[in-house]
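[1] Here's my sequence, what's the structure:
(one chain, ligands or ions: 2)
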Amino acid sequence: MFVLRLSSRCWTIPWSSRIGMRYSSTLKSTHFLLSNIRASGKYGMSSRDIRFKPVLLPVRTCFHPGATGLARDETGLKKDKEVTGKDMLKTMGEYIWPRDNPEVKTRVVAALSLLVTAKVLNTSVPFIFKHAIDTLNTANTLNLDTPDAAVVTLVSATLIGYGMARAGALGFSELRNAVFARVAQHSIRKIAQNVFRHLHNLDLAFHLNRQTGALSKTIDRGSRGISFVLSAMLFNIVPTFLELSMVCGILAYSCGPQYAAVAFGTVATYTVFTLAITQWRTKFRVHMNKADNEAGNKAVDSLINYETVKYFNNEDYEAKQYDKSLQKYETASLKTSTSLAALNFGQNAIFSAALSAIMVMTAREIMNGTMTVGDLVMVNGLLFQLSVPLGFLGSVYREIRQALIDMQVMFQLMTVDPKIKNPDSAPPLYVTAENAAISFENVTFEYIHGQKILNQLSFTVPPGKNYAIVGGSGSGKSTIIRLLYRMFEPTSGDIKVAGKSVSSVELESLRKNIAIVPQDSVLFHNSIKHNIAYGNLAAPEQDVFKAARMAELHQSILSWPNGYDTQVGERGLKLSGGEKQRVAIARAILKDSPILVFDEATSSLDSITENSIMKALGQATKGRTSICIAHRLSTVVNCDEILVLEKGRVTERGTHQQLLEIPGSKYAELWDSQQYVEDKQ
Ligand SMILES: Nc1ncnc2c1ncn2[C@@H]1O[C@H](COP(=O)(O)OP(=O)(O)OP(=O)(O)O)[C@@H](O)[C@H]1O
Ligand SMILES: N[C@@H](CCC(=O)N[C@@H](CS)C(=O)NCC(=O)O)C(=O)O
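    Residues are numbered from 1 along each chain as shown. Ligands and ions are numbered 1, 2, ... in the order given. Okay, here's the model as predicted:
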């Protein structure tokens with residue numbers, strides 16, 4: 001993490017930026033946008049994903065400039081259970097004071113003690129200074145020819161004490177930062193992990209409706225929001241309150257209550273002024289950030305379409321469109337800067353007026369002989385010191401508001417209940433080669449109310465048998481698999497595995513017993529070895545190789561320069577469709593479940609590879625129950641039974657031969673049309 005300061009701006013940037021963009025010294029320049037674009041091209045991200053996103057973390061007194069003051073719920077969650085401030089406070093309390101973590105508690109106590117010590121030392125600085133001045137003054141008034149050695153020693157000692165108190169105050173507050181950093185980081189980690197687990201617990205329906213990028217941003221911003229609020233409280237708000245009360249106490253005690261009233265009144269006026277102006281100027285920052293994003297998106301979109309721009313000679317048009325957004329940014333940015341100047345000036349004026357007033361009051365008392373010059377220095381020092389942390393009050397206020405919004409969005413996410421749950425004290429499902437039957441009993445299912453995808457569907461796959469499901473595109477074949485895996489719940493009817501209803505058994509055990517090769521194989525941004533081993537992360541290397549061999553992948557992998565360590569790229573982009581499919585097959589083989597499901601597992605393969613894989617699959621499915629969904633009927637001719645799906649029901653069933661013999665059967669029609677196509681090829 002490093003802090004970048006640009007004129008009056010502070011940016012906190014994580015080293016581990018997800019898209020590894022370059023930071024130029026002119027962040028707002030085209031260079032910055034171009035580095036975004038490079039990142040987008042490389043990682044195949046959409047322009048929406050790659051907005052420059054400085055991270056919200058208080059590093060001393062610097063704050064995240066991107067805060068917009070907008071309610072940025074990009075997850076589109078239904079607010080059925082509104083998260084209140086009380087809920088958020090309670091949750092934050094659990095992170096800062098975790099029952100089971102004495103280390104975090106000790107750190108919080110240590111940070112608070114350091115905070116108090118630092119503030120006591122800090123407030124004693126003007127006090128010590130006053131004593132040095134008064135001692136000098138007394139010596140001066142005595143008009144001694146040679147300075148008294150005792151006075152010299154006393155003054156020197158006091159001034160050394162002054163230096164030590166200053167250094168000590170700073171040292172203790174730095175130590176407090178260091179001690180608390182772990183608490184903040186620990187809470188970020190815990191929260192992010194909890195939300196991540198929660199997201200994996202939510203059902204597929206939730207994820208299909210959500211933008212993954214928005215979800216990850218929610219975790220990111222929400223957890224950092226918590227850390228920000230905690231840190232801002234400990235580093236800024238609480239210390240300032242503490243200092244204010246100490247200053248008021250000292251002033252009331254040593255100078256009189258009217259002095260404390262001036263100090264308190266000044267801080268109150270300053271706070272009201274700062275909050276009001278910050279509220280007013282937040283809209284300029286909102287516009288500025290919006291224009292910034294818009295310009296970024298335009299530049300990305302235009303450069304992604306580089307060739308199209310050239311084909312139609314529209315460079316000038318593109319530049320003008322880009323400039324429109326830059327112009328908006330320029331205007332908003334100017335307003336932000338001028339309003340910042342007004343805020344800074346106003347804040348300064350309030351404190352300067354207070355300083356003058358309090359010094360005039362002291363000067364009068366000095367004239368009356370009721371106060372000393374040292375007192376003048378002290379009141380000046382106390383008030384001046386108080387103004388330092390308040391110099392960022394506006395930013396802190398704005399950021400806290402934003403952090404609270406981000407936290408609320410995240411907590412809202414945590415309140416979403418998964419629809420597919422483990423039934424209470426559900427028994428685990430035990431599937432063996434002998435009982436691994438699958439049956440659908442009058443299953444009806446609709447994704448959207450009123451649109452039946454499956455309609456009273458019934459079939460049974462006996463243990464150890466290999467069934468195929470064929471049917472037109474969109475007839476509901478993949479839906480059958482989703483229901484079997486309990487990604488969705490049927491609207492009516494029952495699905496049984498090994499004689500047990502899938503909704504009555506422990507979800508994890510159900511899923512452990514079914515290995516699926518999905519229609520679209522998506523891979524992790526990791527090595528090919530890891531991607532295959534994902535089927536069973538505990539499997540020894542030899543088993544991984546064996547699975548790869550069965551999936552006809554081993555030889556190809558060995559011929560690659562990096563062999564099994566070859567990185568497959570994001571989502572497996574560096575592999576061909578067929579290779580990805582074979583990885584998915586190898587994974588499923590490695591999972592070694594009694595039930596195997598292939599959802600068009602060989603659709604991206606050429607016929608030679610397909611044939612050899614089919615042989616391998618024949619081996620893999622031996623003694624297991626399997627369902628094979630296929631478009632290419634040549635791959636299912638050897639299945640024990642083929643089910644033809646139409647309008648959510650099984651309309652024909654039988655072996656390949658039996659189906660061909662049914663006069664006018666749909667299957668025969670499909671078979672003939674595919675034979676015709678193959679003959680033509
Ligand atoms: N999450 C969803 N929300 C709404 N409708 C959906 C959803 N998923 C699938 N559908 C619809 O359900 C129908 C069945 O989809 P399914 O993926 O099961 O078909 P399929 O037979 O496997 O098709 P294909 O052979 O093209 O893969 C399709 O009309 C599809 O548009
Ligand atoms: N004195 C002001 C400004 C403090 C300041 O300079 N904040 C930094 C953030 S560390 C900044 O860049 N502010 C820009 C802005 O507020 O527009 C306040 O109280 O908010």
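[2] Centre of the chain to whichever strand or helix holds Lys310, how far?
    Lys310 belongs to helix 306-311 when assigned by DSSP states H and E. Distance, stretch centre to chain centre, for helix 306-311: 35 Å (Cα atoms, centre = their mean, to the nearest Å).
[3] Now Gly493. Its backbone dihedrals?
    Backbone torsions of Gly493, given as degrees, to the nearest 10, read phi 90, psi 180.
[4] Just say helix, strand or coil for the closest residue in space to it that isn't next to it in sequence.
    Spatially, and ignoring its direct neighbours in sequence, Gly493 is nearest to Val443 (3.6 Å; Cβ to Cβ, 6 or more residues apart in numbering). Where you see a C-beta, it was placed from the backbone N, CA and C, and this is true even at glycine. With DSSP: H, G, I helix; E, B strand; the rest coil as the basis, Val443 sits in strand.
[5] circling back: please identify the buried residues of the helix holding Lys310?
    Buried residues in helix 306-311, counted by 16 or more other Cβ atoms under 10 Å: Val309.
[6] tell me the mean pLDDT for the helix or strand just after it?
    Counting by DSSP H and E, the next helix or strand C-terminal to helix 306-311 is helix 315-368. For helix 315-368, mean pLDDT is 95.
[7] Stretch 531-538 too?
    pLDDT averaged over stretch 531-538 gives 94.
[8] close to ligand 1, is stretch 192-210?
    Yes. Using Cβ under 6 Å from any ligand atom, stretch 192-210 reaches ligand 1 at Leu208.
[9] cool, and stretch 437-450?
    Yes. Shown here: stretch 437-450 in contact with ligand 1 (Cβ under 6 Å from any ligand atom) through 447-448.
[10] Name the residues of that stretch that are buried.
    Using 16+ other Cβ under 10 Å as the test for burial, stretch 437-450 gives 437-441, 443, 445-446.
[11] Likewise for stretch 83-92?
    By 16+ other Cβ under 10 Å, the buried positions in stretch 83-92 come out as 83, 87-88, 91-92.
[12] before we move on, the earlier item: how much space is there between the residue nearest to Gly493 and ligand 1?
    Using Cβ to the nearest ligand atom, to the nearest Å, Val443 is found at 13 Å from ligand 1.
[13] Just the closest residue of the stretch 151-300 of the chain to ligand 2, please.
    Ligand 2 sits closest to Thr274 of the stretch 151-300 of the chain, with a gap of 5.5 Å, by Cβ to the nearest ligand atom.
[14] remind me which residues of the stretch 51-200 of the chain are low pLDDT?
    51-81, 141-147 (pLDDT under 70).
[15] Tell me if the helix or strand Gly225 falls within is near ligand 2.
    Assessed by DSSP H and E, Gly225 sits inside helix 212-232. No. Using Cβ under 6 Å from any ligand atom, helix 212-232 never reaches ligand 2; the gap is at least 11.7 Å.
[16] now for the helix or strand following that helix, which elements pack on it?
    The helix or strand immediately downstream of helix 212-232 is helix 238-254, counting by DSSP H and E. Packing partners of helix 238-254 (3 or more Cβ pairs under 8 Å, 6 or more residues apart in numbering; DSSP states H and E): helix 102-142, helix 257-304, helix 373-390.
[17] okay, the angle between helix 238-254 and helix 212-232?
    Helix 238-254 and helix 212-232 meet at an angle of 20 degrees, taking axes from the mean of the first three to the mean of the last three Cα atoms, to 10 degrees as the criterion.
[18] What separation do you get for Ser503 and Ile420?
    Taking Cβ to Cβ, to the nearest Å as the measure, Ser503 falls 9 Å from Ile420.
[19] Common neighbours of the two, please.
    Common neighbours of Ser503 and Ile420 (criterion: Cβ atoms under 8 Å, 6 or more residues apart in numbering): 486, 489.
[20] Pick out the residue of the stretch 151-300 of the chain closest to ligand 1.
    Leu208 (4.7 Å).
[21] one step back: the buried residues of stretch 83-92 in helices, which ones?
    87-88, 91-92 (DSSP state H).
[22] give me the residue from the chain nearest ligand 2.
    Gly394 (2.5 Å).
[23] dump the residue contacts of the residue lying closest to that residue once chain neighbours are set aside.
    With sequence-adjacent residues excluded and distances taken as Cβ to Cβ, 6+ apart, Gly394 is closest to Thr278, at 4.0 Å. Applying Cβ under 8 Å, 6+ apart to Thr278 gives the contacts 343, 394-395, 397-398.
[24] 10 Å instead, please
    Applying Cβ atoms under 10 Å, 6 or more residues apart in numbering, one finds that Thr278 lies in contact with 69, 285, 339-340, 343, 393-398, 401.
[25] List buried residues within those residues.
    Neighbour-count burial (16+ other Cβ under 10 Å) applied to those gives 69, 285, 339-340, 343, 393-398.
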